[in-house]
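In: 3D, please:
(chains A and B)
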Protein chains: 2
Amino acid sequence: MFSAVEVIATKRDGRRLTDDQIDWVLAAYTRGDVADEQMAALAMAILLQGMDGGETARWTQAMIDSGEVLSFSGVGRPLVDKHSTGGVGDKITLPLAPLVAACGAAVPQLSGRGLGHTGGTLDKLESILGWRASLTLEEITAQLADVGAVICATTPTLAPADRKLYALRDVTGTVESIPLIASSIMSKKIAEGTGGLVLDVKVGSGAFMKTAPRARELAETMVRIGGAHGLATTALITDMSVPLGRAVGNALEVAESVEVLRGGGPADVVALTVALAREMLALAGVSDVDPAAVLASGAAYPVWERMIAAQGGDPSAPLPAATHVEAVVADRSGVVDVDALSVGVAAWRLGAGRARKEDAVQAAAGVLLLVEPGDQVVAGQPLLELHTDTPDAVAGARAALAQGLVVSEDPKPRPTLLHATIRP
Amino acid sequence: MFSAVEVIATKRDGRRLTDDQIDWVLAAYTRGDVADEQMAALAMAILLQGMDGGETARWTQAMIDSGEVLSFSGVGRPLVDKHSTGGVGDKITLPLAPLVAACGAAVPQLSGRGLGHTGGTLDKLESILGWRASLTLEEITAQLADVGAVICATTPTLAPADRKLYALRDVTGTVESIPLIASSIMSKKIAEGTGGLVLDVKVGSGAFMKTAPRARELAETMVRIGGAHGLATTALITDMSVPLGRAVGNALEVAESVEVLRGGGPADVVALTVALAREMLALAGVSDVDPAAVLASGAAYPVWERMIAAQGGDPSAPLPAATHVEAVVADRSGVVDVDALSVGVAAWRLGAGRARKEDAVQAAAGVLLLVEPGDQVVAGQPLLELHTDTPDAVAGARAALAQGLVVSEDPKPRPTLLHATIRP
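Out: Here you go, the predicted model:
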């Protein structure tokens, strides 16, 4: 038998956790025999002392084993999913899932809500009239077979240890551990029963990983975990120092996604959607379709309509509009520079995001960029619009943008979108 | 304002906690606004990242400020106290407090109970018929003025932050932090209102500090904290690789203490009692009395009788005797070697100690050594007695002694009792 203090002391003293210790501590934590304060001490010890690849793979397995593992037999198409570590304006899942389905694979995207300055996929889709996030396993399976794409809420039965541990890490300063981040993401994706996985690991001011070495370490750790569990996994490391696209906020991002699905939209959103689709299709073994051509043709849009309608949504209903819209204008002439984190925080303060899990979000709130980073602008030119139903929030949003929306003679070069691809 | 996560992240990332952060987090923890899991993560971060002298002094002050600070004005004698970090057979407080009182100082010893293989002073005294540990502040003050020595339970109003934090550290693998150990001990002693403090920092198998460098670091840290708070503090580093004296167990240790108070008893107990008394009297400014002579004369014994009687105890009542006593005999001839931890664990298993705070202890249980480390013995000679009211416990006690009570041709040299003295 084990004691929590012995397991904590093992990692505290810089030693390796055994498989049995990992299995025991996560099972005991899930059933409440290891207390929150004990797991918090262990999480801090893991953050500061690390876990090696073997420990991290076992930790992931123990979290998977805490719940149910889904299996989508009978879908009739290869299954492949995508996960992003989160960024500002990152609506890529919305055009991507229908695109990959239009190319012949099936995408079982079990997703979450947003917290802080990054948005959540479910929050975005809930701005569509009638759309519902919660589906039964039977509904998910039927929709995968029929439409080829599902974006819905994860079920409470998937990796409950991760759910409990994530909430604990959030309040104990122990989020920033790469083994814990990697095992959290991978346990849910492996339990989801996908056949292949493409990771979009964001790096930059608006991302959780602020530096390239940290992003690479996270990407490599997750690809290794995928390999250890027999899940074909590829990671792209992509830029999040400027917002993705022009729209940041729930309904605003749905509208931009629809533009992309109809063959238009901002170049960076299109490029990243296509790059991720290529990797997903490669993992799914679909080699005879060019996702760039499919997206440009608008052929993914009907799949989007069916995907939304299958979950009760009306894809043709007008999206909510904010009651208050005002512009931020250039205070001088020059070249505009836009920082992702500043825009993310501004959108959050306008009502697009939440500070605590139980908060509501405004469907129509957010930031709409009217220019792109690197554009030449003149004094007085509108640079972006602030959208909100709570005008009192505008001052806070403007304050967030004060350092992050800058017009100068000496602009930063626009960063490369795709930094690296990590394969097994 | 502060957030718990920010304070945790500061230490997690190896930065210094500010005075305001320390004050806030301990006050908020005491009133319940910082949760146990948050303090556990912070404690682990402190254990792994350390705290410097300034942080540790402030942490101590914040724990003192969480409760009441006692003041014994009107006692009419200089106040001086002693604290031991705990060891096997460490009954020194019992003869020491009456001895120092007999020499003219007053000893306000607010003490605790035992946990694990080390005994607790209150547990020992409670083997005396009628003796009670809980006194009011008025009773303590009156007894200090009248008798000059009080050994009683600490009050819940002294450093409540420490009480709460210690219980948390005990279950989260965060006991072994020198800044946290040092501030825990010193906050209680400073809040107790003593005028001088002598620390007995034990080192060796039966001590909490197993190595000389750790013991020295703890001693130096506590002496520095004393200095920062204006409390004259001296630390002795003393051996705990063999048991102190021959008696280990509550009533057994009281009996041995009475021998010492009557001018007899084992040489090591006498030597350590006198060494500590000398340091205490020096801090109290009493320079005209030789504690060795006072102890040898038996003049401290009447003070003991009055101290016990003042707290309802009958110093002349027979001590409880175990219902079951059996000997452990030498399996060969040679020189005997006795390990402190093994004897401590054996006594604990016989019923002298407790595994959890809420457990009861047996007054009569314990180990009585019949020989001393280094003695020449012959095969079949009784080496020690096991005392218990629960004979089923004997097998466990014998198992604990298997490695620690050894007769060989090649004995270890008996360690020096006094390793070092640390002064400001």
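
In: so which helix or strand takes in whichever residue of the stretch 251-400 of chain A sits closest to chain B?
Out: Closest contact between the stretch 251-400 of chain A and chain B, by C-beta to the nearest C-beta, is at A:Ala355 (11.4 Å). From N, CA and C alone the C-beta is placed, and that goes for glycine too. If you go by DSSP states H and E, A:Ala355 is not part of any helix or strand.

In: Ramachandran coordinates for it?
Out: phi -90, psi -30 (degrees, to the nearest 10).

In: Ok, A:Ala41 next?
Out: phi -60, psi -40.

In: On the three-state scheme, the closest residue to A:Val361 other than its chain neighbours is what?
Out: Excluding the flanking residues, the one nearest A:Val361 by C-beta to C-beta, 6 or more residues apart in numbering or on different chains is A:Asp123, at 5.1 Å. Secondary structure state of A:Asp123, per DSSP: H, G, I helix; E, B strand; the rest coil, is helix.

In: how far does stretch A:48-63 sit from the chain's center?
Out: Distance of stretch A:48-63 from the chain centroid (C-alpha atoms, centre = their mean, to the nearest Å) equals 22 Å.

In: hmm, who's touching that stretch?
Out: Residues from elsewhere that reach stretch A:48-63 (C-beta atoms under 8 Å, 6 or more residues apart in numbering or on different chains): A:11-12, A:14, A:16-17, A:19, A:22-23, A:26-27, A:159, A:161-162, A:165, A:179-180, A:182-184, A:186-187, A:190, A:221, A:224-225, A:228-229, B:12, B:44-45, B:48-49.

In: mind checking pLDDT for A:Gln362?
Out: pLDDT, A:Gln362: 95.

In: give me the number of residues near the residue nearest to it when sequence neighbours are not counted?
Out: In this structure, A:Gln362 finds its nearest non-sequential neighbour in A:Gly351, 3.4 Å apart by C-beta to C-beta, 6+ apart. Residues lying near A:Gly351 (other C-beta atoms under 10 Å in any protein chain shown) number 24.

In: ok, the residue nearest to A:Val361 touching A:Ser111?
Out: No. If you go by C-beta atoms under 8 Å, A:Asp123 and A:Ser111 don't touch, sitting 9.8 Å apart.

In: What residues does the stretch 101-250 of chain A have near chain B?
Out: Contact residues (C-beta under 8 Å from any C-beta of the partner chain) of the stretch 101-250 of chain A with chain B: A:Leu168, A:Val171, A:Thr172, A:Gly173, A:Thr174, A:Glu176.

In: can you tell me the helix or strand for the closest residue to the fourth one other than its chain neighbours?
Out: Read it as A:Gly173. Take A:Gly173 and drop its neighbours on the chain: the residue closest to it by C-beta to C-beta, 6+ apart is B:Ile8, 3.3 Å away. Counting by DSSP H and E, the element that carries B:Ile8 is helix B:4-12.

In: Run through who's touching that helix.
Out: Applying C-beta under 8 Å, 6+ apart, the external contacts of helix B:4-12 come out as A:44, A:47-48, A:171-174, A:176, B:16-17, B:21, B:24-25, B:28, B:34-35, B:38, B:41-42, B:45-46, B:49, B:51.

In: residues contacting A:Val34?
Out: Applying C-beta under 8 Å, 6+ apart to A:Val34 gives the contacts A:Ala4, A:Val25, A:Ala28.

In: so where do the helices sit in the stretch 301-424 of chain A?
Out: Secondary structure of the stretch 301-424 of chain A (DSSP state H, counting those that start in this stretch): helices at A:301-310, A:340-347, A:394-401.

In: Point out the most buried one among these.
Out: helix A:340-347 (a mean of 27; mean count of other C-beta atoms under 10 Å in any protein chain shown).

In: who does that one touch, helix- and strand-wise?
Out: strand A:247-248, strand A:366-369, helix A:394-401 (3 or more C-beta pairs under 8 Å, 6 or more residues apart in numbering or on different chains; DSSP states H and E).

In: ok so, going back, now the buried members of the contacts of helix B:4-12.
Out: Neighbour counting over the contacts of helix B:4-12 (16 or more other C-beta atoms under 10 Å in any protein chain shown) leaves A:44, A:47-48, A:171-174, B:17, B:21, B:24-25, B:28, B:34-35, B:38, B:41-42, B:45-46, B:49, B:51 as the buried ones.

In: ok, A:Ala167 to chain B distance?
Out: 10 Å (C-beta to the nearest C-beta, to the nearest Å).

In: Would you mark the buried spots in the helix or strand that residue falls within?
Out: A:Ala167 belongs to helix A:160-171 when elements are defined using DSSP H and E. Neighbour counts over helix A:160-171 (16+ other C-beta under 10 Å) mark A:Pro160, A:Ala161, A:Asp162, A:Arg163, A:Lys164, A:Leu165, A:Tyr166, A:Leu168, A:Arg169, A:Val171 as buried.

In: Kindly report the same for stretch A:149-159.
Out: With the criterion 16+ other C-beta under 10 Å, stretch A:149-159 contains buried residues A:Ala149, A:Val150, A:Ile151, A:Cys152, A:Thr154, A:Thr155, A:Leu158, A:Ala159.

In: what sits against the second one?
Out: Which is A:Val150. A:Val150 makes contact with A:Ala97, A:Val107, A:Pro108, A:Gln109, A:Leu135, A:Ile140, A:Gln143, A:Leu144, A:Met307, A:Ala310, A:Gln311 under the criterion C-beta under 8 Å, 6+ apart.

In: Need the buried residues of stretch A:149-159 in CSV (columns: pLDDT and distance to B:Ala395).
Out: As requested, the buried residues of stretch A:149-159 are exported to CSV (pLDDT from 0 to 100; distance: C-beta to C-beta, whole Å):
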residue, pLDDT, distance to B:Ala395
A:Ala149, 97, 66
A:Val150, 97, 62
A:Ile151, 97, 63
A:Cys152, 95, 60
A:Thr154, 87, 52
A:Thr155, 83, 51
A:Leu158, 90, 48
A:Ala159, 93, 45
